[in-house]
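1. below are the sequence and a predicted model; questions follow.
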Amino acid sequence: MNTASPSTKSEINNYIKTNEERFINELLELLRIPSVSADSKYKPDVLKMAEAVKAKLMAAGADKVELVQTAGYPVVYGEKIIDVKLPTVVVYGHYDVQPADPLNLWTSPPFEPVIKDGKIFARGSCDDKGQMFMHIKAFETMMKTNNLPCNVKFMIEGEEEVGSANLGQFLKENKERLKGDVILISDTSILGNDTPSIDVGLRGLCYMEVEVTGPDRDLHSGVYGGAVANPVNILCEMIASMKDKNNHITIPGFYEGVLELSKEERAEMAKAPFNLDTYKKEIGISEILGETGYTTIERTGIRPTLDVNGIWGGYTGEGAKTVLPSKANAKISMRLVPGQNSEKTAELFTKYITSIAPKSVKLKVSVHHGGEPVLTPTDSIAFKAASKAMEKTFGKKPIPTRGGGSIPIVALFESVLGLKSVLMGFGLDTDAIHSPNEHFGVFNYFKGIETIPLFFNYYAEMQGAK
């Protein structure tokens, strides 16, 4: 098939406009399924979601659609090969979502989607059901208007929110089936609806859990307090020691290998529109805090971090209970930048926290999951096609940015499949992903559906011009 002419682009836009209501309603159906991969009680719902995605792919016109079993949740695979001589785009997304806790902070139930002020409120609306489903609807649109210009393969997994532990094995076992030219991912954000952007880098992740045990049971704080180590106090002191007064991480060797950006590269990053007062207002804080010597954009894109994601121990129920806890636990994540490695970081973390643990407590350190930081090329045909497509639909050339989040499998795609990725997301940083009241703009949803076919057309066109 030929790349889209102005008339075919009009056909695509007309099809989207005609089916707007259905496209929204179908997304709302998926959002009602609580596909929380981290909690085993939702296993039936995660599997139900996989079946639903399979059905949507089949209805959109994909061939060979199946649930490929893994040691965990299945990968939904589908394809449309129109000509083996044409380039192939491999679309990646995920159908699992984060837990919705704390439920009391939601203004509407997390799995009963509602549309307010032009935004779809539901867990997974942006991360990643809404953005994943954009690709299925864009594919349907290209199929129904006879405007699919190259081959496409879909790989939609159900374990991204728990570290994609089984995707590596899936890739190795399906290298032949997954042969393509580029991976296309929409699981990132843009700077704003009036300022498109494309992530050209992602931070990696190292996620740990620490358990500190003191006495063999909870003790009376009056009888034993002051004489026996309190695991909660100890754990807090240990965590606090991991950063200095400049918010620089103190783990020996932690920064070894970190790639520093040049003054010129930092100057380019600074060109991205950013208003600090708006930033603070949007998340309800009065002051920012971070590593000395770096801007907010740099702290969230090019610098590594260490954060406590959860901490507990002792009595946390209503009223008072004067106990000296037996145990204290914390979940701690470190975002990594190019030059760092998740396994090495886990070793450094374990060695350091073990070295500072007093003999009055016992320590247990566990690794949950990790992923490697990545950089994607800005001179590739795929990036140029994505940039041109977004410039066409947004009316502005997108700004290359560094994403602060992690998509661990991007590095896997390169190491196992030998394929680079294009991170063409349409969410906003203010969409509250992983938080109560997650939402995704109706504008953003349809902007994605409108832009993706243009990417396919420009990519096929540019590949043919090589």
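-> Received the coordinates, thanks. Numbers count the residues shown, from 1 in each chain.
2. any idea how far stretch 283-295 is from the middle of the chain?
-> For stretch 283-295, the distance between its averaged C-alpha position and the chain's averaged C-alpha position is 22 Å (Cα atoms, centre = their mean, to the nearest Å).
3. now it: buried residues?
-> In terms of neighbour count (16 or more other Cβ atoms under 10 Å), stretch 283-295 has its buried residues at 291, 295. Placement of C-beta: from N, CA and C, glycine included.
4. please apply the same query to stretch 418-426.
-> Using 16+ other Cβ under 10 Å as the test for burial, stretch 418-426 gives 419-426.
5. out of these, which are inside helices?
-> Cross-referencing these against helices under DSSP state H gives no overlap.
6. tell me the one of those nearest Glu265?
-> Of all the buried residues of stretch 418-426, Leu423 has the smallest distance to Glu265: 18.1 Å, by Cβ to Cβ.
7. returning to what we had before: between the buried residues of stretch 418-426, which sits nearest Ile288?
-> Minimum separation from Ile288 among the buried residues of stretch 418-426 (Cβ to Cβ) is found for Gly425, which lies at 23.9 Å.
8. wait, what's in contact with that closest one?
-> Residues in contact with Gly425, defined by Cβ atoms under 8 Å, 6 or more residues apart in numbering, are 131, 185-190, 199.
9. am I right that Lys9 is in a helix?
-> Yes - according to DSSP: H, G, I helix; E, B strand; the rest coil, the state of Lys9 is that of a helix.
10. give me the number of residues near it?
-> Around Lys9 sit 18 other residues, with neighbours defined as other Cβ atoms under 10 Å.
11. can you tell me the closest non-neighbouring residue to it?
-> Nearest in space to Lys9, with sequence neighbours left out and distances taken as Cβ to Cβ, 6 or more residues apart in numbering, is Leu454 at 7.5 Å.
12. tell me which element that neighbour is part of?
-> Secondary structure here is read from DSSP states H and E; on that basis Leu454 sits in helix 442-464.
13. what does Leu289 give?
-> Element membership of Leu289 [criterion: DSSP H and E] is none; it lies in no helix or strand.
14. just the helices in the stretch 101-250 of the chain please.
-> 129-144, 167-173, 221-224, 231-240 (DSSP state H, counting those that start in this stretch).
15. out of the ones you listed, deepest packed?
-> Among those, helix 129-144 has the highest mean neighbour count (mean count of other Cβ atoms under 10 Å), at a mean of 25.
16. what is the orientation angle of that one with helix 442-464?
-> Note on geometry: by axes from the mean of the first three to the mean of the last three Cα atoms, to 10 degrees, helix 129-144 and helix 442-464 are set 50 degrees apart in direction.
17. re the thing from before, could you list every helix and strand in contact with the helix holding Leu454?
-> If contacts are counted by 3 or more Cβ pairs under 8 Å, 6 or more residues apart in numbering; DSSP states H and E, helix 442-464 sits against helix 6-18, helix 20-31, strand 119-121, helix 129-144, strand 182-185, helix 381-394.
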